[in-house]
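# Give me coordinates for this.
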Amino acid sequence: MKYTYGKTACEATDAANVRGVLVSTADGYCFRVYDNSGDFIDYQLLHDDLEVTIDSSALASFYQNDDIAVLDHSPAVLGLKPAIYIA
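Predicted structure coming up:
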């Protein structure tokens, strides 16, 4: 079904249970959804409180200290070495 979105008519499709990837671009982030042939659509993110679950195969890790809180690739992907603390 089409709805008036902004100033134009758009087809609205339920996004529930759609798997995609957050992709960093020069303009921020988009939500990339692939079809079975490998083609994709990049959706601009305008939703203000979308819940996201990180898949166990995403190879992602949180990094945090007193100055930063970052979500990035896992230490293995980035080739990080354990920090050495000298007392």
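# Helix or strand: which one has the most centrally placed residue in the chain?
With distances taken as C-alpha atoms, centre = their mean, residue 22 lies nearest the centre of the chain, 2.2 Å away. For residue 22, the enclosing helix or strand under DSSP states H and E is strand 21-25.
# again with residue 51
Secondary structure here is read from DSSP H and E; on that basis residue 51 sits in neither a helix nor a strand.
# Tally up the residues packed near it, please.
Here the number of neighbours of residue 51 (other C-beta atoms under 10 Å) works out to 5. Glycine gets a C-beta too; all of them are placed from N, C-alpha and C.
# and if you look at residue 40?
For residue 40, the tally of surrounding residues (other C-beta under 10 Å) stands at 14.
# show me the contacts for it.
Under the criterion of C-beta atoms under 8 Å, 6 or more residues apart in numbering, the contact list for residue 40 reads 32-34.
# Residue 42 and residue 1, how far apart?
Residue 42 sits 23 Å away from residue 1, going by C-beta to C-beta, to the nearest Å.
# And those two? Which one has more around it.
When residue 42 and residue 1 are compared on other C-beta under 10 Å, the one with more neighbours turns out to be residue 42, at 14 against 5.
# Who does the more buried one form a beta bridge with?
residue 32 (DSSP bridges).
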